[in-house]
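Trainee: I'll drop the sequence and a predicted model, then ask my questions.
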Amino acid sequence: MKWGFRMRIRNSAKAVVVKEGNLLALKIQGNSGAFYVLPGGGQEHGETLHEALQRECMEELGVTVEIGDLLFVREYIGRNHEFSAFHSDVHQTEFLFSCTVMENEITNGSNPDKGQIGAEWIPVHQLMDYNLFPQALRAHLILYSNDEKELTYVGDIN
């Protein structure tokens with residue numbers, strides 16, 4: 001690290017919404033095809049993680065969520081991942097919360113993510129068959145949905 005230069009670590013809040021055995025995920029159209037991510041996003045200055053998650057779910061899905069327990073803490077250090085060419089300077093700490101969607105209808109919200117083409121309910125028991133990022137989180141989500149205790153801090157997983 002050079003004197004006077006400090007890389008910024010970004011916080012992000014994510015929603016883990018499981019309903020009737022299905023996980024709610026954003027569907028994103030990328031250059032190499034469609035993939036899935038959890039709803040949520042970056043925390044803004046002066047905002048709590050819960051406030052950030054409420055705002056992000058409204059922007060991405062047009063829904064309010066009831067936020068429950070903190071399930072996982074994941075770090076994303078870009079230089080360690082397959083997208084290092086694009087994310088080498090990114091260091092993000094993600095806080096994944098159990099959430100319940102209050103509305104019945106889910107659509108793209110007022111400010112969807114870049115490439116977001118919708119939201120889907122993915123059967124949890126089939127998560128390993130889906131291109132859900134981060135991919136290493138799929139096994140943790142399956143265990144969580146089966147009421148099996150998991151580590152809260154999962155580290156820098158792909």
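Mentor: That came through fine.

Trainee: how many other residues sit next to the residue nearest to Val124 when sequence neighbours are not counted?
Mentor: Nearest residue to Val124, sequence neighbours excluded (CB to CB, 6 or more residues apart in numbering): Ser145, at 4.3 Å. No exception for glycine: its C-beta is placed from N, CA and C like everyone else's. Residues lying near Ser145 (other CB atoms under 10 Å) number 16.

Trainee: quick one: the strands in this protein?
Mentor: For the chain, the strands defined by DSSP state E occupy 10-16, 18-19, 22-30, 33-37, 40-42, 65-77, 91-101, 116-123, 132-133, 153-155.

Trainee: ok, Asn104 - contacts?
Mentor: Asn104 makes no contacts at all, as judged by CB atoms under 8 Å, 6 or more residues apart in numbering.

Trainee: let's go with 10 Å and repeat that
Mentor: Each residue near Asn104 by CB atoms under 10 Å, 6 or more residues apart in numbering is listed here: Val63.

Trainee: one more: the one 5 residues further on?
Mentor: With contacts defined as CB under 10 Å, 6+ apart, Gly109 is in contact with 39, 55-63, 116, 119.

Trainee: how about a cut-off of 7 Å?
Mentor: By CB atoms under 7 Å, 6 or more residues apart in numbering, the contact set of Gly109 is 58-62.

Trainee: most neighbours, which of those?
Mentor: Most surrounded of those: other CB under 10 Å gives Leu61, at 27 neighbours.

Trainee: tell me what the residue lying closest to Ile122 once chain neighbours are set aside is bridged to.
Mentor: With sequence-adjacent residues excluded and distances taken as CB to CB, 6+ apart, Ile122 is closest to Leu23, at 4.9 Å. Leu23 has the following beta-bridge partners by DSSP bridges: Val18, Ile122.

Trainee: Leu23 and His125 touch, don't they?
Mentor: No: in this structure, Leu23 is not within contact of His125 by CB atoms under 7 Å, at 10.1 Å.
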